[in-house]
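K.L.:
Attaching a predicted model along with its sequence, questions to come.
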Amino acid sequence: MTGTEHRQIARDSLFVMADLRIDGIEGEHRIRVRNLSSGGMMAEGVFNVQRGQVAWINLRNIGWVEGSIAWVEGTRFGIAFREDIDPRVARAPLPGGENTPRYVRPPLGAVEPGALRKI
């Protein structure tokens, strides 16, 4: 940690999208989650939030989590969660299903090297 680093909780850098609801701002907004820890997260989005506002974040594999805006700097802001989460759950791959696009599903089986052709 550097001299300017005050956070004590380990956090994971990642880049996923999430939905955000802010008390006093109508509707849901898409944000980019830049890093995530058990106690909070750093997010990025182009709308006006203020320190202290109550927020709800729909995190992948976890669902809606309540927190409050802890800091704001330009288009980035921090959210402190009301209750701790397990950030490893949010990082886990999404479960595949019938509606999962083919490009994110695991391969159906091993492909023989001679069965492929060069384009």
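P.N.:
Sure thing, it's come through. Just so you know, these numbers come straight off a predicted model, no measurement behind them.

K.L.:
so where's this protein uncertain?
P.N.:
1-14, 94-113, 115-116 (pLDDT under 70).

K.L.:
Helices of that one, residue ranges please.
P.N.:
In the chain, the helices defined using DSSP state H lie at 87-91.

K.L.:
how about the strands in it?
P.N.:
Remark: strands assigned in the chain by DSSP state E are 11-22, 25-37, 40-44, 54-59, 63-73, 76-81.

K.L.:
got a list of contacts for the fourth one?
P.N.:
The list of residues contacting strand 54-59 from outside it, by C-beta atoms under 8 Å, 6 or more residues apart in numbering, reads 18-23, 28, 31, 33, 36, 41, 43, 49, 64-69, 79, 85, 90. All C-beta atoms are positioned from the backbone trio N, CA, C, and that covers glycine.

K.L.:
Could you identify the buried members of those residues?
P.N.:
Neighbour counting over these (16 or more other C-beta atoms under 10 Å) leaves 18, 20-22, 31, 33, 36, 41, 43, 49, 65, 67-69, 79, 85, 90 as the buried ones.

K.L.:
list the buried ones in stretch 35-53?
P.N.:
Buried-residue list, stretch 35-53, by 16+ other C-beta under 10 Å: 35-37, 39-43, 45, 49, 53.

K.L.:
Nearest spatial neighbour of residue 66, chain-adjacent residues omitted?
P.N.:
Leaving out its chain neighbours, the residue that sits closest to residue 66 by C-beta to C-beta, 6 or more residues apart in numbering is residue 82, at 4.6 Å.

K.L.:
scratch that, residue 38 is what I was asking about
P.N.:
Nearest residue to residue 38, sequence neighbours excluded (C-beta to C-beta, 6+ apart): residue 84, at 4.4 Å.

K.L.:
Could you measure from that neighbour over to residue 65?
P.N.:
Distance check for residue 84 against residue 65: by C-beta to C-beta, to the nearest Å, it reads 10 Å.

K.L.:
Ok, residue 92 next?
P.N.:
Separation of residue 92 from residue 65 (C-beta to C-beta): 16 Å.
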